[in-house]
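Visitor: Fold the stuff below for me.
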Amino acid sequence: MKIFVLMKRTFDTEEKISVENGKINEDGAEFIINPYDEYAVEEAIQQRDEHGGEVTVVSVGDEEAEKQLRTALAMGADKAVLINTEDDIEDGDQYTSAKILAAYLKDQAADLIIAGNVAIDGGSGQVGPRVADLLDIPYVTTITDLKITGSSATVVRDVEGDSETIDTSLPLLVTAQQGLNEPRYPSLPGIMKAKKKPLDELELDDLDLEEEEVEAKTKTVSIFMPPKKEAGRILEGEAGEQVKELVALLHKEAKVL
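Guide: Below is the predicted model of the structure:
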């Protein structure tokens, strides 16, 4: 079975984000595999171990993404591919990423493609479904269980607190939701093996793509931090006095009464 994972490099969830001159300041920031993509990598490894085949992790970005690809290899993926767009694309969007990934995948004869449900930086959840649409294959989003038998698949997906079971067929694209599995940590032997595993680097020319074909369909007008919240006020005194003071504040300051 040929399994591909769509992986994105994102800010560490513990990072404090700052904005300077209308752009996110990345100086000194730590980056990680997008957390939802970790579920995708883990699921791909488990499906390979059960059914045989190989797992290839694919990322679109610059050379900095190599670290996260190596982490996925250390987890147990077999191969990695970095589609380097640093010299070709200044501002891409979900359409850009999907177009590039689909151009790479169209000749790969993939049986299963797994992506994260959303990326924690943008949160649009568009790339996976867009890729499936461009490849003209079925897709199921927010999955929490996947069982494959031959060329058939049974998928359980999360639907706002409930679940839905879908029977479909391969080739198939799914997006991983929290609860699908528990991603493993790279072991020391896995880290050592990852250094010798293949990591190929491609550019748009290698995919017969022109910059105009992957030009973003959206434009970011501005980026800004939310306004700071004022500190709350603690009311003191007896309950009756607190109620009177609260009503007065709601009337005079908050102006909601």
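
Visitor: CA only for contacts and neighbour counts going forward, please
Guide: Noted.

Visitor: Quick check, central residue of this structure?
Guide: Nearest to the geometric centre of the chain sits residue 119, at 3.3 Å (C-alpha atoms, centre = their mean).

Visitor: That one contacts residue 128, correct?
Guide: No - under the criterion of C-alpha atoms under 8 Å, residue 119 lies out of contact with residue 128, with a separation of 10.6 Å.

Visitor: Secondary structure element holding the residue nearest to the centre of the chain?
Guide: No secondary structure element spans residue 119, as it lies outside all helices and strands (assigned by DSSP states H and E).

Visitor: Please report phi then psi for it.
Guide: Backbone dihedrals for residue 119, given as degrees, to the nearest 10, come out at phi -100, psi 140.

Visitor: That one and residue 25, how far apart?
Guide: Noted for residue 119: a distance of 18 Å to residue 25, by C-alpha to C-alpha, to the nearest Å.

Visitor: swap in residue 124?
Guide: When C-alpha to C-alpha is applied, the distance between residue 124 and residue 25 equals 21 Å.

Visitor: so which helix or strand takes in residue 146?
Guide: Secondary structure here is read from DSSP H and E; on that basis residue 146 sits in strand 139-149.

Visitor: Could you give me the buried positions within the following helix or strand past that strand?
Guide: Sequence-wise, the next helix or strand beyond strand 139-149 is strand 152-159, with elements assigned using DSSP H and E. Applying a neighbour-count criterion of 16 or more other C-alpha atoms under 10 Å, one finds 153, 155-158 buried in strand 152-159.

Visitor: Tell me where the model's unsure across the chain.
Guide: Judged against pLDDT under 70, the low-scoring parts of the chain cover residues 22, 257.

Visitor: tell me the domain ranges of it?
Guide: The record, using automatic domain parsing to delimit domains, assigns the chain the ranges 2-214, 230-257.

Visitor: Redo these as JSON lines? Include distance to residue 223.
Guide: Below are those laid out as JSON lines (distance: least, C-alpha to C-alpha, whole Å):
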{"stretch": "domain 2-214", "distance to residue 223": "5"}
{"stretch": "domain 230-257", "distance to residue 223": "22"}
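
Visitor: deepest of those domains, which one?
Guide: domain 2-214 (a mean of 18; mean count of other C-alpha atoms under 10 Å).

Visitor: From the opening residue of that domain to its closing one, how far?
Guide: Using C-alpha to C-alpha, one end of domain 2-214 lies 26 Å from the other.

Visitor: Distance from the chain centre to that domain, please.
Guide: Offset of domain 2-214 from its chain centre (C-alpha atoms, centre = their mean, to the nearest Å): 7 Å.

Visitor: circling back: what lines up beside the strand holding residue 146 in the sheet?
Guide: Strand 139-149 pairs in its sheet with strand 152-159 (antiparallel), strand 172-176 (parallel), by DSSP bridges.

Visitor: got those as CSV, with distance to residue 235 columns?
Guide: As requested, the strands paired with strand 139-149 are exported to CSV (distance: least, C-alpha to C-alpha, whole Å):
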stretch, distance to residue 235
strand 152-159, 42
strand 172-176, 46
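
Visitor: out of these, nearest to residue 85?
Guide: Ranking the strands paired with strand 139-149 by proximity to residue 85 (C-alpha to C-alpha) places strand 172-176 first, at 23.7 Å.

Visitor: Roughly how far does residue 107 sit from residue 201?
Guide: Relative to residue 201, residue 107 is positioned 17 Å away (criterion: C-alpha to C-alpha).

Visitor: go on, residue 214?
Guide: 18 Å.

Visitor: and residue 165, what element?
Guide: Counting by DSSP H and E, the secondary-structure element that holds residue 165 is strand 162-169.
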